[in-house]
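[1] Kindly return the folded structure for what I paste below:
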Amino acid sequence: MRFVRLFIFVFIFLSGGKLFAQSSSELKRQKEALTREIEMLNSSLKQTSSSKRLSLKQINVLEAQIRLREQKIGTINSEIRLLNNQISDNTSTVHSLQSQLEKLKKEYAGMVLFAFRNQSAYSKLMFIFAAQDFNQAYKRLKYLQQFGDYRRKQAQYILGTQKDLNIKIVELDQNKRQKSNLLSEEEKEKTTLGGEKNNKAKELGKLAKEEKQLKREISKKQQQAARLNSAIRAAINREILAAKRKAEQEAREAAARAKAENPSAPAPAPKTVSNTSSVLAATPEALKLSSDFLSNRGRLPWPVSNGVIVEGFGPHRQGVNVMINNDGIDIKTAEGASVRAVFSGDVTRVMDVGGSYAVLIRHGEYFTVYSNLKSVNVSNGQKVSVKQAIGSVITDSSDGTTLLHFEVRKGADPMNPSSWLAN
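    Here you go, the predicted structure:
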């Protein structure tokens, strides 16, 4: 039973090591992804001419860079906590294995001493022949055989335990070195974060001094957002109205058929259809598309192959003490980046919004919006598939930023796109 317990003990810790490896590799992947996103934003900021004043969009890039840096530090802290747990587990394992090894060696030493005292073949024979009957003699013979087998197994257990102990000691040393490296990396990231925050404060101070220019910039952005929102709502309301009329027409035709089949039956009450997004999923095809879109929440592909969210959804502070509302998210991406549909659907409308384009795609009662496009290669009414290219992002010539504005709506109501996209 002692060896069974030892086996279970070692198995549990080996399994824990496997789980640790999985968690550790996942944290490393997260850290590497954050590092790539930070480097992308760094590259974007370096491309901006030092002679130009940073715009609000570039301030958003700075804020995103700080946010990602904080997330990276948080990931490093998670790695350190995981290593602390593993160090504690491995330390306990080493102590337990050392104690187990000590007991095994003492037991083995006792067996060796007993075997030495009874190593004579004459003594063994006398032990067997001194039995009272044949049955007892047979049991004594089996005992001597089992004792020899047990000694050999005991020696194997000692070697195996020693090997496990050496492995755990090596793992423990590796854990401690990894922790030391992570602590150094964390200090470096904190120093860099402090510099980035100082840089942001400095640029915000410059913006505050240029109040008139800042107000014009904010006003321009709000007007663009209002125009886009108005155009989107108008297009969606037209879809709702068309779906409502279609549903009412189908209800009238069904009533007429029922009347023709049974003229004596009372006329059914006229069916009214509410003017809400629910009418967009009135047909089986639209209902299935809505259900499929909803079931993929959190798993939709990004509208660009490479990008970082620099402005989130909802109300938030814009650079300085100005509160604005964002109906979607703004994604910083590479110049000339291709934009792709996040789900299959129908192009409801391609819109020209003040020098750039926006594409509205319907997925049953849901819609996705892709705006700030330089060009589009889809048209009204066209069916698109997942990841199909629909256009490319425009780059602002005044500050060099390349931002895609992306929205998800249920009917006309905006939803947070971040919760729909794959992590």
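[2] Okay, residue 174 and residue 165: tell me how far apart.
    Distance of residue 174 to residue 165, computed by Cβ to Cβ, to the nearest Å: 15 Å. Where C-beta positions appear, they are placed from N, C-alpha and C, glycine not excepted.
[3] Name the spans of the stretch 201-350 of the chain whose pLDDT lies under the cut-off.
    207-215, 259, 265-277, 318-322 (pLDDT under 70).
[4] Looking at residue 174 and residue 165 now, which is surrounded by more residues?
    The residue with more neighbours, out of residue 174 and residue 165, is residue 165; 17 against 14, by other Cβ atoms under 10 Å.
[5] pretty sure that one is touching residue 101, no?
    Yes: using Cβ atoms under 8 Å, residue 165 is in contact with residue 101, at 6.3 Å.
[6] In terms of residue numbering, what are the domains of the protein?
    Per automatic domain parsing, the structural domains of the chain span 2-209, 214-419.
[7] most packed of those?
    Greatest average neighbour count among the domains of the chain goes to domain 214-419 (a mean of 17), per mean count of other Cβ atoms under 10 Å.
[8] Could you check how far it is from the centre of its chain?
    Mean-position distance between domain 214-419 and its chain equals 24 Å (Cα atoms, centre = their mean, to the nearest Å).
[9] same check, this time on stretch 408-423
    Using Cα atoms, centre = their mean, the offset of stretch 408-423 from its chain centre is 16 Å.
[10] Does anything pack onto the helix or strand that contains residue 324? Which helices or strands?
    Applying DSSP states H and E as the criterion places residue 324 in strand 323-326. With contacts taken as 3 or more Cβ pairs under 8 Å, 6 or more residues apart in numbering; DSSP states H and E, strand 323-326 sits against helix 211-261, strand 314-317.
[11] Which strands and helices lie in contact with whichever helix or strand comes after the longest one?
    So that's helix 211-261. Later in the chain than helix 211-261, the nearest helix or strand by DSSP H and E is helix 284-295. The helices and strands touching helix 284-295, judged by 3+ Cβ pairs under 8 Å, 6+ apart, are strand 356-363, strand 366-376.
[12] so which of those comes closest to residue 303?
    Residue 303 sits nearest to strand 366-376 of all the helices and strands packed on helix 284-295, at 5.9 Å, using Cβ to Cβ.
[13] Pull the residues that contact that closest one.
    228, 232, 236, 290, 293-294, 303, 328, 336, 339, 341-343, 345, 348, 350, 353, 356-361, 390-395, 403-411 (Cβ atoms under 8 Å, 6 or more residues apart in numbering).
[14] who touches the helix or strand following that strand?
    On the C-terminal side of strand 366-376, the closest following helix or strand by DSSP H and E is strand 383-384. Contacts of strand 383-384 with the rest of the structure, by Cβ under 8 Å, 6+ apart, involve 341, 344-347, 361, 378, 390.
[15] a markdown table for the helices and strands packed on helix 284-295, including distance to residue 40 and mean pLDDT?
    Listed next are these as a markdown table, based on distance: least, Cβ to Cβ, whole Å; pLDDT from 0 to 100:
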| stretch | distance to residue 40 | mean pLDDT |
| --- | --- | --- |
| strand 356-363 | 22 | 95 |
| strand 366-376 | 18 | 96 |
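[16] Let's have those strands in TSV, adding distance to residue 281.
    Formatted as TSV, those follow (distance: least, Cβ to Cβ, whole Å):
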stretch	distance to residue 281
strand 356-363	10
strand 366-376	9
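[17] List just the one of those that sits closest to residue 76.
    Proximity to residue 76 (Cβ to Cβ) singles out strand 366-376 among the helices and strands packed on helix 284-295, at 34.1 Å.
[18] Could you double-check that residue 303 sits in contact with residue 405?
    No: under the criterion of Cβ under 8 Å, residue 303 makes no contact with residue 405, lying 9.8 Å away.
[19] okay, and the common contacts of those two?
    331, 370.
[20] Can you tell me the element the residue nearest to residue 377 when sequence neighbours are not counted falls in?
    Leaving aside its chain neighbours, residue 377 sits nearest to residue 391 (6.0 Å; criterion: Cβ to Cβ, 6 or more residues apart in numbering). Using DSSP H and E, residue 391 falls within strand 389-393.
[21] Listing partners with orientation, what would you give for that strand?
    Using DSSP bridges, the strands paired with strand 389-393 in its sheet are strand 338-340 (antiparallel), strand 366-376 (antiparallel).
[22] before we move on, the earlier item: which of the helices and strands packed on helix 284-295 sits closest to residue 93?
    strand 366-376 (51.5 Å).
[23] ok now do the residue lying closest to residue 239 once chain neighbours are set aside, which residues does it touch?
    Nearest non-adjacent residue to residue 239, counting by Cβ to Cβ, 6+ apart: residue 348, 6.0 Å away. Contacts for residue 348 (Cβ under 8 Å, 6+ apart) come out as 235-236, 239, 360-362, 367, 380.
[24] Looking at those residues, spot the one nearest residue 416.
    Proximity of these to residue 416 was ranked by Cβ to Cβ; the top entry is residue 367 with 14.3 Å.
[25] can you give me the strands for the stretch 51-200 of the chain?
    Here the stretch 51-200 of the chain has no strands by DSSP state E, counting those that start in this stretch.
[26] List the neighbours of the strand holding residue 324 that are in contact with it.
    For strand 323-326, contacts defined as Cβ under 8 Å, 6+ apart pick out 218, 221-222, 225, 311-318.
[27] try 10 Å
    56, 218, 221-222, 225, 229, 311-318, 405, 407, 414, 416 (Cβ atoms under 10 Å, 6 or more residues apart in numbering).
[28] So what are the sheet partners of that strand and their directions?
    The pairing partners recorded for strand 323-326 under DSSP bridges are strand 314-317 (antiparallel).
[29] With only the CA atoms kept, save the strand it pairs with in CSV.
    C-alpha atoms of strand 314-317 as CSV (Å, rounded to 0.1, in the frame of the first residue of the first chain):
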residue,chain,number,x,y,z
GLY,A,314,-19.8,53.5,-25.4
PRO,A,315,-19.3,56.8,-23.6
HIS,A,316,-15.7,57.6,-22.6
ARG,A,317,-13.3,60.5,-22.2
